[in-house]
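Visitor: The following block contains a protein sequence and its predicted model.
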Amino acid sequence: MRRALLIALVTLSLAACGGGSSSNQESFVSGNGAVTFINSSDRKPAPELTGLTLTGKNFTYEVGKVGVLNVWASWCSPCRAEIPTLIELSKNYADVQFMGLLTRDNPVNAEAFARRFAIPYPTLIDDSLLIGFKGSLPANAIPSTVVIDKQGRVAARISGAVTVRSLSNVIDKVIAQ
């Protein structure tokens with residue numbers, strides 16, 4: 001009887017330590033900023049990136065232009081930290097199609113975040129698009145940023161928050177090919 005009581009108390013104590021938050025935050029794996037680049041001959045096609053955006057418009061990424069797809073959520077602190085860098089680079093690389101892909105987030109919260117920071121590029125809200133990256137460079141952490149070459153193939157991924165230098169180097173390398 002004593003042992004059963006002790007087990008019950010330990011179980012209740014452990015249960016009280018987790019999950020009681022009313023926050024919108026979800027657990028996630030954060031990358032370390034590692035850059036993975038794929039040789040041109042080994043690249044696989046990116047999935048079709050099309051769908052509804054945070055602003056309620058339809059968007060389709062058109063192959064023929066280098067694309068930068070950033071996977072993010074408004075509750076993710078590394079995602080919030082990198083957004084000024086992405087905005088700056090999207091303005092510096094006018095010929096590159098920047099896109100966001102919202103994952104595991106409430107679109108209302110994300111739309112308010114995007115409006116507050118005046119994100120100038122579209123953010124797709126269908127995170128099932130991530131399944132299409134299986135077999136190439138999946139966005140296995142958030143934030144993750146995938147760079148797509150002009151032929152529509154996955155060229156590189158930055159797992160974790162981007163820096164001006166890391167993303168510029170990847171974009172420049174893909175543009176030069």
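Guide: Structure received. Residues are numbered from 1 along each chain as shown.

Visitor: Relative to residue 53, how far out is the nearest residue to residue 73 once chain neighbours are set aside?
Guide: Leaving aside its sequence neighbours, residue 73 sits nearest to residue 105 (Cβ to Cβ, 6 or more residues apart in numbering; 4.0 Å). Just so you know, the C-beta spots here come from the backbone N, C-alpha and C atoms, and that holds for glycine as well. Here the distance between residue 105 and residue 53 works out to 14 Å (Cβ to Cβ, to the nearest Å).

Visitor: which stretches of the chain form strands?
Guide: Applying DSSP state E to the chain gives strands spanning 34-37, 50-52, 58-60, 67-72, 97-102, 123-124, 144-148, 154-159.

Visitor: Just send those back as JSON lines, with mean pLDDT, mean neighbour count and distance to residue 175 too.
Guide: Shown next, in JSON lines, are the strands of the chain (pLDDT from 0 to 100; neighbours: other Cβ atoms under 10 Å; distance: least, Cβ to Cβ, whole Å):
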{"stretch": "strand 34-37", "mean pLDDT": "83", "mean neighbour count": "14", "distance to residue 175": "13"}
{"stretch": "strand 50-52", "mean pLDDT": "95", "mean neighbour count": "14", "distance to residue 175": "23"}
{"stretch": "strand 58-60", "mean pLDDT": "97", "mean neighbour count": "13", "distance to residue 175": "21"}
{"stretch": "strand 67-72", "mean pLDDT": "96", "mean neighbour count": "26", "distance to residue 175": "11"}
{"stretch": "strand 97-102", "mean pLDDT": "96", "mean neighbour count": "23", "distance to residue 175": "12"}
{"stretch": "strand 123-124", "mean pLDDT": "96", "mean neighbour count": "23", "distance to residue 175": "23"}
{"stretch": "strand 144-148", "mean pLDDT": "94", "mean neighbour count": "27", "distance to residue 175": "10"}
{"stretch": "strand 154-159", "mean pLDDT": "91", "mean neighbour count": "25", "distance to residue 175": "10"}
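
Visitor: mind giving me JSON lines with those and columns for distance to residue 82?
Guide: Formatted as JSON lines, the strands of the chain follow (distance: least, Cβ to Cβ, whole Å):
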{"stretch": "strand 34-37", "distance to residue 82": "14"}
{"stretch": "strand 50-52", "distance to residue 82": "23"}
{"stretch": "strand 58-60", "distance to residue 82": "21"}
{"stretch": "strand 67-72", "distance to residue 82": "8"}
{"stretch": "strand 97-102", "distance to residue 82": "11"}
{"stretch": "strand 123-124", "distance to residue 82": "14"}
{"stretch": "strand 144-148", "distance to residue 82": "8"}
{"stretch": "strand 154-159", "distance to residue 82": "9"}
